[in-house]
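1. Starting from these lines, generate the structure:
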Amino acid sequence: MNAGNLAPPRQSPRRSQVLAVVGVFSALIALGTILSIPLPPPLYEITWAPPIYFTLAVLTDTWTAFDATVIGGFLGEAFNVAFKGGGSPIYPFGMVWARGPEVFIIAWAKNKGPRTLALAMAGATVFETLAFFFPDWTFYYYGLFQYGSPTGIYTSFTYAAPDFATLLDLLFIPVAFLLIRQARPAFKRLGFG
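-> Now for the predicted structure:
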């Protein structure tokens, strides 16, 4: 066996590095959620956070990306509801419900090539859209939370249909690929990926 063929053992990130990545990226995701494009209810907004958590799901381990995504999404949306007004108090929980699983979908594809990764990002965006749409449809139908009085099935569908504008997040996929390409060396130095 030639000593020149032996690769150095792969360094994994220290706990302090993982906590720092979660903290920094939670803050970035919160900021990306706060700096949003307002839309009519029930959609409320399109945020700048997707390319950040798409990238994080590829460059770190799944749980680091998940933690940063749900903490940042929750805090950012809680800020929006508290200080921008107009949103329901359930919106921060909706961010956790819709965006947390996106990380798992994208992380599954991170080593399967760029085409599969792009399809996973698209699939994650479709998941998020449906994760917003079906609860909103139900909330309008039964008049739950701040969604008004109960309505018929067609009317509630119509009220929830703007959630499909979340598919605009598909436009962030090329941005995420650019961020991945630029940030990968730094994350490798930290021991991720």
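2. Look at residue 145 and report its pLDDT.
-> Residue 145 is assigned 81 on the pLDDT scale.
3. what's the answer for residue 54, then?
-> Looking at residue 54, the pLDDT reads 98.
4. I'd say it and residue 174 touch.
-> No: between residue 54 and residue 174 there is no contact under Cβ atoms under 8 Å: 10.4 Å. Backbone N, C-alpha and C define where each C-beta goes, glycine included.
5. who's more crowded, these two?
-> residue 54 (28 against 12; other Cβ atoms under 10 Å).
6. List the residues that contact the more buried one.
-> For residue 54, the contact set (Cβ atoms under 8 Å, 6 or more residues apart in numbering) comprises 102, 106, 121, 124, 172-173, 176, 179.
7. Next step: those restricted to helices.
-> Among the contacts of residue 54, the members found in helices (DSSP state H) are 102, 106, 121, 124, 173, 176, 179.
8. and the residue positioned nearest the centre of the chain, how far is that from residue 146?
-> The chain has residue 99 as the residue nearest its centroid, 4.1 Å off, counting by Cα atoms, centre = their mean. Taking Cβ to Cβ, to the nearest Å as the measure, residue 99 falls 21 Å from residue 146.
9. just residue 158 next, same as before
-> For residue 158, the distance to residue 146 equals 18 Å [Cβ to Cβ].
10. related to what we said a few turns ago, could you pick out the buried ones from the contacts of residue 54?
-> Among the contacts of residue 54, the ones that count as buried by 16 or more other Cβ atoms under 10 Å are 102, 106, 121, 124, 172-173, 176, 179.
11. okay, and for this structure, where does confidence drop off?
-> 1-10, 40-43, 86 (pLDDT under 70).
12. List the buried residues in stretch 70-79.
-> Neighbour counts over stretch 70-79 (16+ other Cβ under 10 Å) mark 70-78 as buried.
13. which one among those gets closest to residue 162?
-> residue 77 (17.0 Å; Cβ to Cβ).
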